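Novice: mind folding the following:
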Amino acid sequence: EASRLAKCMNKIGHLVGKETISILTNMDEPLGYAVGNNLEIKEAIECLQGNMPTDVKEVVETMGAYVIYLATGNANMKENRLAIQDAVASKKAYQKFVELVERQGGDISYIQNPEKFQKAKYVIPVLAEETGFVKRVDAEMVGSISSYLGAGRMRKEDPIDETAGVVLNKKTGDFVEVGEALAYINTNDENKIKGASMNLMQAFTLSDRKTIASKSILDIITKY
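Specialist: Model (predicted):
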């Protein structure tokens, strides 16, 4: 279904005279570790400082390489990836982000000092009840739990809690011992902690054998 949608999007681009490439990414588990508004922004700032989780790094470098190709015509993806790596390592990407926020009237002091971001009243670890390797993290379940905690809307009229969400501590392939944190719940509603903790534990599947995480990039679709 994603491939068919990608080809449809590519065709739309072609019809309006724009070369379009679609990149299919793995959504079996959350990208990075943070799920939730302030939590994701803080993680994005960390990434721009060069502290990128492996899956985020792969997606950023691949998409960035193709953006450079579309902008310049340089089809050497190795060179393009190196350019992306240099933009991050040199802090050019970080400085550009600061510039964009400032030009749009944002308070850049939050980027320069992410600890200024408001935190949820309750940050609760969800502890493993068994020892093993993480075989799977259900991305859809984690997303639903984050919404329930306030990071998204359960109903159209619900407000968004910018501090709420989930921060993973373990991902596919990681080893976890009994009592070790699988993830952290962030919420301002004490009544939601128990249910969210039980459900979040169910989002993790453990195995006695190490599982290799799936590729972050599933396909590059250039045709329509």
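
Novice: quick one: secondary structure of K192?
Specialist: Here K192 is recorded as helix under DSSP: H, G, I helix; E, B strand; the rest coil.

Novice: what residues does the one helix or strand R4 maps to touch?
Specialist: Taking DSSP states H and E as the criterion, R4 maps to helix 2-15. For helix 2-15, the external contacting residues (Cβ atoms under 8 Å, 6 or more residues apart in numbering) are E19, T20, I21, S22, L24, D219, I221, T222, K223, Y224. Glycine gets a C-beta too; all of them are placed from N, C-alpha and C.

Novice: give me the buried positions along the helix or strand harbouring I145.
Specialist: Assigning secondary structure by DSSP H and E places I145 in helix 139-146. Using 16 or more other Cβ atoms under 10 Å as the test for burial, helix 139-146 gives A139, V142, G143, S144, I145, S146.

Novice: can you redo those as TSV with distance to I212 and pLDDT?
Specialist: Shown next, in TSV, are the buried residues of helix 139-146 (distance: Cβ to Cβ, whole Å; pLDDT from 0 to 100):
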residue	distance to I212	pLDDT
A139	17	96
V142	20	97
G143	23	96
S144	26	95
I145	26	97
S146	26	96
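
Novice: quick revisit: now the buried members of the contacts of helix 2-15.
Specialist: Buried among the contacts of helix 2-15 by 16+ other Cβ under 10 Å: T20, I21, S22, I221.

Novice: okay, the last one: pLDDT?
Specialist: So the one you mean is I221. Note for I221: predicted pLDDT of 96.

Novice: same thing with the second one?
Specialist: As predicted, I21 sits at a pLDDT of 96.

Novice: residues contacting it?
Specialist: The contact partners of I21, by Cβ under 8 Å, 6+ apart, come to N10, Y66, Y69, L70, I220, I221, T222.

Novice: and those, which of them are in helices?
Specialist: N10, Y66, Y69, L70 (DSSP state H).

Novice: show me the contacts for the residue most central in space within the chain.
Specialist: Nearest to the geometric centre of the chain sits L31, at 3.4 Å (Cα atoms, centre = their mean). Applying Cβ under 8 Å, 6+ apart, we find L31 in contact with T25, D55, V56, V59, S216.

Novice: list the buried residues of stretch 173-187.
Specialist: Buried residues in stretch 173-187, counted by 16+ other Cβ under 10 Å: D174, V176, L182, A183, Y184, I185, N186, T187.

Novice: include distance to N74 when you put these into TSV, please.
Specialist: Output for the buried residues of stretch 173-187, formatted as TSV (distance: Cβ to Cβ, whole Å):
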residue	distance to N74
D174	37
V176	43
L182	42
A183	40
Y184	42
I185	45
N186	42
T187	46
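
Novice: what's the farthest-apart pair in the residues you listed?
Specialist: D174 and T187 (23.9 Å; Cβ to Cβ).

Novice: please report how far the residue nearest to the centre of the chain lies from P53.
Specialist: 8 Å (Cβ to Cβ, to the nearest Å).

Novice: can you check G106 too?
Specialist: When G106 is compared with P53 (using Cβ to Cβ), they lie 25 Å apart.

Novice: now swap in V176 and tell me
Specialist: Distance from V176 to P53, by Cβ to Cβ: 17 Å.

Novice: G132 too?
Specialist: From G132 to P53 the distance is 21 Å (Cβ to Cβ).

Novice: just the mean pLDDT for stretch 44-61, thanks.
Specialist: 96.

Novice: what's the local residue count around L15?
Specialist: 10 (other Cβ atoms under 10 Å).
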